[in-house]
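**Student:** Pasting the sequence and the predicted model now:
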Amino acid sequence: MKLTFGKNISKYRKLKNITQEELASKLGITFQAVSKWETGQTYPDITQLPNLSDILEVSIDKLMGHAVYEKKVSIYEDEYARDDYYWGLIPSTMCYKVLSILPPAKPFKLLDIGCGEGKDAVFFARNGYDVTAFDIADAGIEKTKRLADKLGVHVNVFKADILDMRLDTCYDILYSNGVLHYIKPGLREEIFTNYRQYTATNGIHVFSVFVVKPFIPPAPENESNAHTWISGELFSHYSDWMIKECEEIIFDCNSAGIPHKHAMNRIIAEKIPW
């Protein structure tokens, strides 16, 4: 599931709202050269990499598809490092939706996007799904592995950043609960296009995302890398799929030890062949 160098250049260029012509001008080259980089026909000269990194404001490692984490990138890293489970061990109600809509009559391939400490991923594995999962928190990945081992199941879990991760393997089920707010608005269309592309025919997406409401105060965590969604935005990515369920809920939460509320959109959508 690696990004090519060219696709990374294109992605970060678009995030900066820079055209190929503008990037070429800043680098003193032709826009055709930039186009060839982005389509994978050629690669930049090594001497161009520092300038390219400065202009796009992204490290050379990330441009080349290697995520390097020099500091904690999740506020939950310390929470997950504790012996207890921050989110508990009871599976989300969304897990039971998956069981009812696409029960494991065969070992369907399921991807848990942002698995946290692994309670949902392990639940799916115990019920017969072929589960792959990723998260950005090292402590969460280790907890997922330990929980799977304890319960005698296998989960293919690894570390990845949702912003950099792109699929190149097809799945029957894509699942994510309360993680998609880490996707920057400028990347959402690209990422969801990738998710849709690598979903098997008659496969499903089961997603939830926090939405902003003027009558609900911001969450106490105040994460700098979280980005707001608006009501209905999640659903708009599935205009050509069968939307089996979509809903908006408001619920109480006690994360960070401070009682508060969240608004959330949930969707279950199926990829129907045309």
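**Tutor:** Good, I have the coordinates.
**Student:** Below-threshold pLDDT in the stretch 101-250 of the chain: ranges please.
**Tutor:** Within the stretch 101-250 of the chain, not a single segment meets pLDDT under 70.
**Student:** which stretches of it form helices?
**Tutor:** In the stretch 101-250 of the chain, the segments counted as helices under DSSP state H, counting those that start in this stretch are 119-126, 138-150, 185-197.
**Student:** I'd guessed residue 153 sits against residue 122; true?
**Tutor:** Yes. Using C-beta atoms under 8 Å, residue 153 makes contact with residue 122 at a distance of 6.3 Å. Where C-beta positions appear, they are placed from N, C-alpha and C, glycine not excepted.
**Student:** any chance of the helices of the stretch 101-250 of the chain in JSON lines, plus mean neighbour count and distance to residue 245?
**Tutor:** As requested, the helices of the stretch 101-250 of the chain are arranged in JSON lines below (neighbours: other C-beta atoms under 10 Å; distance: least, C-beta to C-beta, whole Å):
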{"stretch": "helix 119-126", "mean neighbour count": "24", "distance to residue 245": "17"}
{"stretch": "helix 138-150", "mean neighbour count": "19", "distance to residue 245": "27"}
{"stretch": "helix 185-197", "mean neighbour count": "16", "distance to residue 245": "17"}
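**Student:** Which one of the ones you listed lies nearest to residue 203?
**Tutor:** Residue 203 lies closest to helix 185-197 among those, at 9.6 Å (C-beta to C-beta).
**Student:** quick one on the thing from earlier: got CSV for the helices of the stretch 101-250 of the chain, with distance to residue 78 too?
**Tutor:** Below are those laid out as CSV (distance: least, C-beta to C-beta, whole Å):
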stretch, distance to residue 78
helix 119-126, 18
helix 138-150, 8
helix 185-197, 27
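**Student:** Compare the ones you listed and give me the one nearest residue 132.
**Tutor:** Go through these one by one with C-beta to C-beta and the one that ends up closest to residue 132 is helix 119-126, at 8.4 Å.
**Student:** which helices and strands does that closest one pack with?
**Tutor:** In terms of contact count using 3 or more C-beta pairs under 8 Å, 6 or more residues apart in numbering; DSSP states H and E, helix 119-126 is assigned the packing partners helix 93-101, strand 109-113, strand 130-135, helix 138-150, strand 171-177.
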